[in-house]
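*Asks:* I would like the atomic coordinates for the input below:
(3 chains)
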Amino acid sequence: MRLDVKELSFAYQQRTGQGQQKHILQEFQLSVESRERVGLTAPSGFGKTTLCKLIAGYLQPDAGEILLDGKPLSSYRGYCPVQMIWQQPEQAVDPLLRMKDVIAEGDEVEERILAGLGIRTEWGNRFPGELSGGELQRFCIARALGKGTRFLLADEISTMLDLITQSQIWHFLMEETTQRNIGMLVVSHDRELLECVCTRIVEMI
Amino acid sequence: MREKNNRRQRVLAGLIFSVIFLAVVCIGGILCKQEAAATDFSRKNLAPCTEYLFGTDWLGRDMFARTLRGLSVSILLGMVSAAVSAAAAFVLGVISAAMGRTADSAVSFCIDWVMGIPHILLLILISVALGKGFRGVAAGVALTHWPSLARVIRAEMIQLKESPYIQIAEKLGKRKGYLIRKHMLPHLMPQFFVGLVLLFPHAILHESSVTFLGFGLSSEQPAIGIILSESMRYLVTGQWWLAAFPGAMLVLVVILFYEIGENLRKLLSPGSAHE
Amino acid sequence: MSEKRVNKGNNIILKIENLQISFTQYERGLKQRTFQTVKGMDLEVSSGELTAVIGASGSGKSLLAHAVMGLLPYNASMSGEMYYCGEKLTKMRQEKLRGNEIVLVPQSLAYLDPLMKIGRQIKKNRKDEKINQRLADIFSRYHLKEEVAKQYPFELSGGMNRRILISTAMIENPRLVIADEPTPGLDLKSAKRVMEHFRELADMGAGVLLITHDLRLAIETADRIIVFHDGRTIDEAVPTDFQAENTLKHAYTKALWRAMPKNGFANESKNTDI
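*Replies:* Predicted coordinates:
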């Protein structure tokens, strides 16, 4: 499969003195194939998170489109084949839901994935507040790896993890996505990390 | 450290005490229906004593029984109208947040409209229009008290809709019904229950004031408002107990309801959960 | 600058011995449970030095900052010894010293008051001539224009606001600066630029304690690195030790080193004793 980002433009309405708009993206282009892991890097404040949200459909672009195998992504009903993993896992899970219910929201996530990410069975009965950020992020990654996922957007998913956990999670992700032919877009400002995990690196300027 | 931290137990104890006290007042009021109405001129105008704790009035009625009866009527009326009011608030708040912009502006307009008119004025109008009595006051209180809670629920819903975990659930293919049931209601419930309980004292106070002004319950019913307005005439002749005890009891009941609401909030809200 | 600063020897400013912090929380219902987050922390911060404590997020390393400032939450209890300039750091001394001799640079820009002009915010409402002079000094050091003092936080960029946040700590002439994750979400280049400001503070004689999860940043900017893992400080190293694996002492530090992307990005998940 192929994910195309075509001439994407986006601006935040800003109430500065001059009433200007703040352009985040202008005619941004990108294609990702299923077998690829594309790294995307840019300095802080460059709209990397905004780009991920646009591609995953959380925000509507001002112009341009996102195509999955030539069809607009918005025409896919139900489970979205392009899933995004958020930077802050604390915000990405409902604080009142037990972790096993959080996982159940994914699309039939296999036990194998939970085990591969180092998620212990007893964590399933806990609430998000009782887990650390690293432990929560493992759940968020597992949830995004449901049956219907074709592309995965990883927005700085390991910046707040320690190096050992970071390496463990990425090794699992590389193996899993290769096996299932899931394409990845990896956003990070850590160039060394991207060089380790990606098949190709794009620099935003 | 140990005793200081067992706050949750103390909060729960306070809560249970308040509930039991109010239940006793309520049941007591129902049981002494006969006594509250019984007149006996051989014992009229007695000051408080061991036999008649709150004294007796100019018709020789036992003020203790009358007060209990009045309070139980007030509590009952407060519960009915607060429940109706809270239910309305809940439904309108959810509609406002979940059904799009037109619904939202319609509900918001209603909220502003009702809030723009002084409570007591609207209450009197509704009560009089419905022929006063229990029905009139209940409807009046119910129809005037929902906006503040509706506003809280609407704001909470709007905030929830924007939260990442609900947006993520949407992308995971979850329907609107699921989102409301699984993600929104559990967050709204604590707010709702606390709001509901905190409506009681408002409802009771407003019922009493409307009745006191003569636009509420009929004078045959021993409502606190009636007791207080009748006793005004006897205050000058030195029969202070006619107003003092029922008034103090009314204040006590109102405070206890507030206490229940506050304790519930402490137990339910995540922010103070570990205090 | 002031007389205190003339003596730039390596005096120990902060010394912490066997710090332990535990929390009491409610489980479902009325039962309470106590769990220990910090099980044994030892460290020293010297004047003129930038000491980094590194540990995973959620490991409780931020509690160190709160403990030194005396700002632990109500349900926490603490044991162990803390010494500031050789004397025991008591609750009373903490209250007297925090905000002037001991300052905390917080993680979030949200600590700036959005409704107060920058100048007033840094000066904390004082208006004498001396403080105006200091403000001018600090502004010129951080390349902030004079008119910034009359602006509000929302009118400035994230990077400028971060410098403002550091300025609010600087104006007090601190002897101990605690920086809790001062560079969240910044790329290494920008983060190093922020850290230069802390380096300047150390050069002026203050002791700087950097608390971070970013080992690379610590290696690039700190004088000493203390590794915090599983509630304890388990290792201490200087940045040059991190040039090769065999100069590191503790097994966990070695594992951290191997997991760095540039050192092989080793997958340690099979190694269960870590």
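*Asks:* In which helix or strand does the residue most central in space within chain C reside?
*Replies:* Geometric centre of chain C, nearest residue: residue C:179, 2.4 Å, by CA atoms, centre = their mean. Counting by DSSP states H and E, the element that carries residue C:179 is strand C:176-180.
*Asks:* Is the residue nearest to the centre of chain C in contact with residue C:105, as I believe?
*Replies:* Yes. Counting by CB atoms under 8 Å, residue C:105 is a contact partner of residue C:179 at 4.5 Å. Where C-beta positions appear, they are placed from N, C-alpha and C, glycine not excepted.
*Asks:* For these two, list the residues in contact with both.
*Replies:* Residues touching both residue C:179 and residue C:105 (CB atoms under 8 Å, 6 or more residues apart in numbering or on different chains): none.
*Asks:* which non-adjacent residue is nearest whichever residue of the stretch 101-250 of chain B sits closest to chain A?
*Replies:* Closest residue of the stretch 101-250 of chain B to chain A, CB to the nearest CB: residue B:173 (3.6 Å). With CB to CB, 6 or more residues apart in numbering or on different chains as the criterion, residue B:173 has its nearest non-adjacent residue at 3.6 Å, and that residue is residue A:79.
*Asks:* distance of that neighbour from residue C:36?
*Replies:* 42 Å (CB to CB, to the nearest Å).
*Asks:* Of the two, which one has the most company?
*Replies:* Legend: neighbour count by other CB atoms under 10 Å in any protein chain shown for residue A:79 and residue C:36, higher for residue A:79 (16 against 13).
*Asks:* Export the lowest-mean-pLDDT helix or strand in chain A to PDB, keeping only CA atoms.
*Replies:* Lowest on mean pLDDT, DSSP states H and E among the helices and strands of chain A sits strand A:21-33, with a mean of 82. The C-alpha trace of strand A:21-33 is given here as PDB (Å, rounded to 0.1, in the frame of the first residue of the first chain):
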ATOM      1  CA  GLN A  21      -2.100  33.700  10.100                       C
ATOM      2  CA  LYS A  22       0.800  31.500  11.200                       C
ATOM      3  CA  HIS A  23       1.700  29.200   8.300                       C
ATOM      4  CA  ILE A  24       2.800  25.900   9.600                       C
ATOM      5  CA  LEU A  25       2.900  23.900   6.400                       C
ATOM      6  CA  GLN A  26       2.800  25.000   2.800                       C
ATOM      7  CA  GLU A  27       2.300  22.600   0.000                       C
ATOM      8  CA  PHE A  28       4.000  19.800   1.800                       C
ATOM      9  CA  GLN A  29       4.600  16.600  -0.200                       C
ATOM     10  CA  LEU A  30       5.400  13.100   1.000                       C
ATOM     11  CA  SER A  31       4.900   9.500   0.000                       C
ATOM     12  CA  VAL A  32       5.400   6.400   2.200                       C
ATOM     13  CA  GLU A  33       5.300   2.800   1.000                       C
END
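*Asks:* List the buried residues in that strand.
*Replies:* A:24-25, A:28, A:30, A:32 (16 or more other CB atoms under 10 Å in any protein chain shown).
*Asks:* can I get those in JSON lines with distance to chain C?
*Replies:* Output for the buried residues of strand A:21-33, formatted as JSON lines (distance: CB to the nearest CB, whole Å):
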{"residue": "A:24", "distance to chain C": "14"}
{"residue": "A:25", "distance to chain C": "19"}
{"residue": "A:28", "distance to chain C": "20"}
{"residue": "A:30", "distance to chain C": "20"}
{"residue": "A:32", "distance to chain C": "22"}
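*Asks:* of all these, which comes closest to chain B?
*Replies:* Using CB to the nearest CB, the buried residues of strand A:21-33 come closest to chain B at residue A:32, 17.8 Å.
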